[in-house]
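1. coordinates for the following, if possible.
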Amino acid sequence: MMALVERFLDTLAMEEGASPKTSAAYRADLRGFVHFLQAHRRTDLTGLSPEEVTAFLHDEKGRGLADATLMRRMAAIRRFLSFLAQEGFLERDVGEVLEMPRRWRTLPEVLTEEEAAAVIRAAAGDSPEQIRDAAILELFYGSGLRVSELATLGLEDVRLDEGFVRCTGKGNKMRVVPFGRSARQALERYLKEGRPRLARAGTPAAFFISRRGRPFTRQGLWKKIRGLALKAGLARPLHPHTLRHSFATHLLARGAPLRVIQEMLGHADISTTQLYTHVDSGRLKAVHQRYHPRA
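-> Numbers count the residues shown, from 1 in each chain. Here you go, the predicted structure:
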């Protein structure tokens with residue numbers, strides 16, 4: 001069974017450009033699934049049932065795994081089973097009938113508009129680092145990029161005149177995301193007053209650079225953002241995707257179409273983006289009150 005897992009991962013890397021990090025996560029998830037089946041006296045996948053997959057997920061839940069980890073494992077298993085069916089190793093795609101129980105679904109943490117503004121204000125100042133940090137936060141909240149996408153932006157990826165950034169997301173898929181007036185002003189100031197004072201001889205063409213003139217790692221950039229959130233006095237912890245989730249939720253609350261938000265976030269599946277409709281229950285109530293004849 002592990003040989004089939006490796007064959008699946010090779011196909012994922014070659015045909016979809018899956019990163020080593022994604023492949024490693026899928027391998028760990030599927031190894032756990034295979035070990036579970038072997039422990040229950042399965043030697044191959046012939047006749048695998050949806051109930052067996054669900055039993056594995058419930059077993060993982062009982063071990064105290066986080067909901068996000070369970071959902072990732074289910075996604076890995078579904079893709080693996082779909083691959084096996086397409087390649088003829090399974091008679092049918094067992095994963096098609098699987099659905100994550102609603103009680104396992106977790107809603108993303110989001111900031112209010114006032115909290116997001118407070119985090120951005122925490123970077124205010126005239127030093128090159130403060131000018132850079134303000135640009136980082138304005139672009140992060142103003143575009144919904146992932147932290148990894150923010151860290152890998154190059155100078156050529158930010159188009160100030162046109163008001164958009166070009167980034168490479170999961171699966172090496174490129175997308176274009178617009179940003180607004182506040183982000184543009186912060187980015188312009190950073191390029192004029194911040195970055196030239198941080199750059200050194202031999203500094204690469206990374207857009208955001210450290211005080212030593214080096215590109216940020218994902219971890220280094222996240223540490224910087226988390227520090228600014230603490231400085232802003234947020235009462236709750238800031239997670240790597242909190243500003244990204246806030247970006248999407250605030251767009252939805254102001255009437256942006258879900259399909260457009262999906263494109264800006266780089267979600268392959270609209271169901272991932274639909275999670276934000278559950279976060280913004282106030283918007284649903286307002287629409288009901290406005291349009292229902294008996295509201």
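2. please, where are all the strands along the stretch 151-295 of the chain?
-> Listed in chain order, the strands of the stretch 151-295 of the chain (DSSP state E, counting those that start in this stretch) span 158-159, 164-168, 174-178.
3. in JSON lines, list these along with distance to Ser246 and mean pLDDT.
-> The way it works is simple: take the backbone N, C-alpha and C, and place the C-beta from them, glycine included. Formatted as JSON lines, the strands of the stretch 151-295 of the chain follow (distance: least, C-beta to C-beta, whole Å; pLDDT from 0 to 100):
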{"stretch": "strand 158-159", "distance to Ser246": "21", "mean pLDDT": "94"}
{"stretch": "strand 164-168", "distance to Ser246": "18", "mean pLDDT": "91"}
{"stretch": "strand 174-178", "distance to Ser246": "15", "mean pLDDT": "91"}
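4. looking at these, spot the one closest to Ala116.
-> Closest approach to Ala116 among these (C-beta to C-beta): strand 174-178, 17.1 Å.
5. hey, C-alpha coordinates of the closest one in PDB?
-> Extracted C-alpha coordinates of strand 174-178, given in PDB (Å, rounded to 0.1, in the frame of the first residue of the first chain):
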ATOM      1  CA  MET A 174       0.300  32.200 -10.300                       C
ATOM      2  CA  ARG A 175      -2.400  34.700  -9.600                       C
ATOM      3  CA  VAL A 176      -2.800  38.500  -9.700                       C
ATOM      4  CA  VAL A 177      -4.300  40.200  -6.600                       C
ATOM      5  CA  PRO A 178      -5.200  43.900  -6.400                       C
END
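6. and it, what does it pack onto?
-> Secondary-structure packing of strand 174-178 (3 or more C-beta pairs under 8 Å, 6 or more residues apart in numbering; DSSP states H and E): strand 164-168, helix 258-265.
7. now, of the ones you listed, which is deepest in the fold?
-> Neighbour counts (mean count of other C-beta atoms under 10 Å) averaged over each of the helices and strands packed on strand 174-178 peak at strand 164-168, with a mean of 19.
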